[in-house]
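In: Sequence first, then the predicted structure:
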Amino acid sequence: MAALSVSGVSVSYDGMPAVLDADLDLDDGRVLAVLGPSGCGKSTLLRAIAGLEPASGSVRWHDHDVSNVPTHRRGFALMFQDGQLFPQLTVARNVGYPLRIRRTPRATAAARVAELLDLVGLSGFADRLPATLSGGERQRVALARALAASPRLLLLDEPLSALDAGLRQRLAEDLHRILVEAGTTAVMVTHDHEEAFAVADDLAVMRGGRIVQAGPIADAWRAPADRDTALFLGYARVLEGATAAALLRAAGLPEAPELAVRRSALSVAEDGALKGEVVEVRTTPGQLRLVCRTDLGELDAVAPLDVRLATGDAVRLRVDATRMAALPGRSERV
């Protein structure tokens, strides 16, 4: 039995649908990322699960319907992207606020606060004020506060979006560790697929108010539901026709109407089976990103930084089947 079960949940504003017939299941101790572009309805769905939005359908926790239970009695905690810390309270008092509301004995609360600050890597910060912290530190405090009352379910609304890219990546990895160590069941909303892959166990992709794909995150990576989902998950191109067929054969994959390829699906190698000519070179911190002209048309490829390449150079390209995904084609898309 799933810990969280969302069935047929829909939300509308002034007759305009924001979420349509959403179905989700999440097991205890797992983290689900709801992934989608801005305006797709993912934050609205999160708020409906929390009980902050009027919605049709049902939200169940361990098979108990909580659809009509007030937000403050569901036992869920919600963390927003800006943290919403109390600026006049110290870190320890911010983290301990839910415990004070519950009239937790002072010694028990102090021990719990110390435990949580250690968990989020902020031991020694108890007496600091939020204004003296970095953005990442403030989000850690907000996370500790959300965990303070040991919620049955933690709901995270774009928790890292206000941070710069480098800090967001590091904190995403820390967030995964913290949730695992705390044994917390969580639903996180994000528009960043790399963030979702770093934090979550399961994935639900939303588009236009609908969940178009849901399941273990590795399955979504290996088999996107359709062209738009593949491109949103970070695949560079979707090929069809003779080009797709030829690459599928080269990769030893079964025939399919369309083929999603990541940029790194083709790499420069002396023993590569595919011949090409470099038409574009771009240097990134980790690799060279190429566009190559081949008998199959223009394709993306990568090469190590120590390989010297210029426009017009002839190359051979190796095909990596693990960086491709066969798609069902236009007529079968979700």
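Out: Perfect, I can see it now. Residues are numbered from 1 along each chain as shown.
In: Going by C-alpha atoms from here, please, whenever you check contacts or count neighbours.
Out: Will do.
In: Give me the domain ranges for this structure.
Out: Domain ranges of the chain: 4-225, 231-332, per automatic domain parsing.
In: Could you dump the ones you listed into a markdown table and include mean neighbour count?
Out: Shown next, in a markdown table, are these (neighbours: other CA atoms under 10 Å):
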| stretch | mean neighbour count |
| --- | --- |
| domain 4-225 | 19 |
| domain 231-332 | 17 |
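In: Please produce CSV containing these, extended by mean pLDDT.
Out: Shown next, in CSV, are the domains of the chain (pLDDT from 0 to 100):
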stretch, mean pLDDT
domain 4-225, 92
domain 231-332, 91
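In: ok, the most centrally placed residue in the chain to residue 236 distance?
Out: Centroid-nearest residue in the chain: residue 196, 1.7 Å away (criterion: CA atoms, centre = their mean). The spacing between residue 196 and residue 236, counted by CA to CA, to the nearest Å, is 18 Å.
In: same check, this time on residue 260
Out: Residue 260 sits 8 Å away from residue 236, going by CA to CA.
In: again, but for residue 324
Out: The gap separating residue 324 from residue 236 is 10 Å, by CA to CA.
In: Residue 292: which element?
Out: Assigned by DSSP states H and E, residue 292 belongs to strand 288-294.
In: Report the distance from that strand to the chain centre.
Out: Between the centre of strand 288-294 and the centre of its host chain there is 29 Å, according to CA atoms, centre = their mean, to the nearest Å.
In: before we move on, back to that, need the residues touching each of residue 324 and residue 236.
Out: 260-262 (CA atoms under 8 Å, 6 or more residues apart in numbering).
In: Among those residues, which one lies nearest to residue 18?
Out: Closest approach between the shared contacts of residue 324 and residue 236 and residue 18, by CA to CA: residue 260, at 28.8 Å.
In: From what I see, the closest one and residue 232 are in contact.
Out: No - the criterion here is CA atoms under 8 Å, and residue 260 misses it with residue 232 at 11.1 Å.
In: hang on, residue 59 in a strand?
Out: Yes - under DSSP: H, G, I helix; E, B strand; the rest coil, residue 59 falls within a strand.
In: Specify the beta-bridge partners of it.
Out: Residue 59 has these beta-bridge partners by DSSP bridges: residue 6.
In: how close does it get to residue 146?
Out: Distance of residue 59 to residue 146, given as CA to CA: 21 Å.
In: ditto for residue 121
Out: 15 Å.
In: From residue 87, how far off is the closest residue to residue 329 other than its chain neighbours?
Out: Ranked by CA to CA, 6 or more residues apart in numbering and with sequence neighbours excluded, the top spatial neighbour of residue 329 is residue 257, at 5.0 Å. Distance, residue 257 to residue 87, using CA to CA: 56 Å.
In: cool, and residue 65?
Out: Separation of residue 65 from residue 87 (CA to CA): 37 Å.
In: Next: residue 156.
Out: Distance from residue 156 to residue 87, by CA to CA: 21 Å.
In: What of residue 43?
Out: Noted for residue 43: a distance of 25 Å to residue 87, by CA to CA.
In: Please tell me I have it right and residue 265 contacts residue 325.
Out: No - here residue 265 lies out of contact with residue 325, judged by CA under 8 Å, at a distance of 10.1 Å.
In: Have a look at this structure and report its longest helix.
Out: Assignment by DSSP state H gives helix 165-182 as the longest helix of the chain.
In: Residues in contact with it: which ones?
Out: 29, 31, 119-120, 136, 160-161, 185-186, 195, 198-200.
In: what's the answer for stretch 52-60, then?
Out: Residues outside stretch 52-60 that contact it (CA under 8 Å, 6+ apart) are 3-12, 21, 44, 47-49, 65-67, 71.
In: Now intersect the residues you listed with the strands, please.
Out: If you go by DSSP state E, the contacts of stretch 52-60 have 4-12, 21, 65 in strands.
In: can you give me the strands in the stretch 1-150 of the chain?
Out: Ranges of strands in the stretch 1-150 of the chain, per DSSP state E, counting those that start in this stretch, are 4-13, 16-26, 31-35, 56-61, 64-65, 76-79.
In: Show me the one of those strands that comes nearest residue 283.
Out: Set against residue 283 and scored by CA to CA, these come closest in strand 31-35, at 29.0 Å.
In: Show me what that closest one packs onto, helices and strands only.
Out: When contacts are defined as 3 or more CA pairs under 8 Å, 6 or more residues apart in numbering; DSSP states H and E, strand 31-35 packs onto strand 186-190, helix 193-199, strand 202-207.
In: what about the nearest residue to residue 297 once chain neighbours are set aside, helix or strand, and which?
Out: Distance criterion CA to CA, 6+ apart; nearest residue to residue 297, sequence neighbours excluded, is residue 243 at 7.4 Å. If you go by DSSP H and E, residue 243 is part of helix 241-251.
In: Paired strands for the following helix or strand past that helix, with orientation please.
Out: Per DSSP H and E, helix 241-251 leads on to strand 258-261 as the next helix or strand towards the C-terminus. Sheet pairing here is set by DSSP bridges, and for strand 258-261 it gives strand 237-240 (antiparallel), strand 324-327 (antiparallel).
In: which residues touch the first one?
Out: By that I understand strand 237-240. Contacts for strand 237-240 (CA under 8 Å, 6+ apart): 227, 230-231, 257-263.
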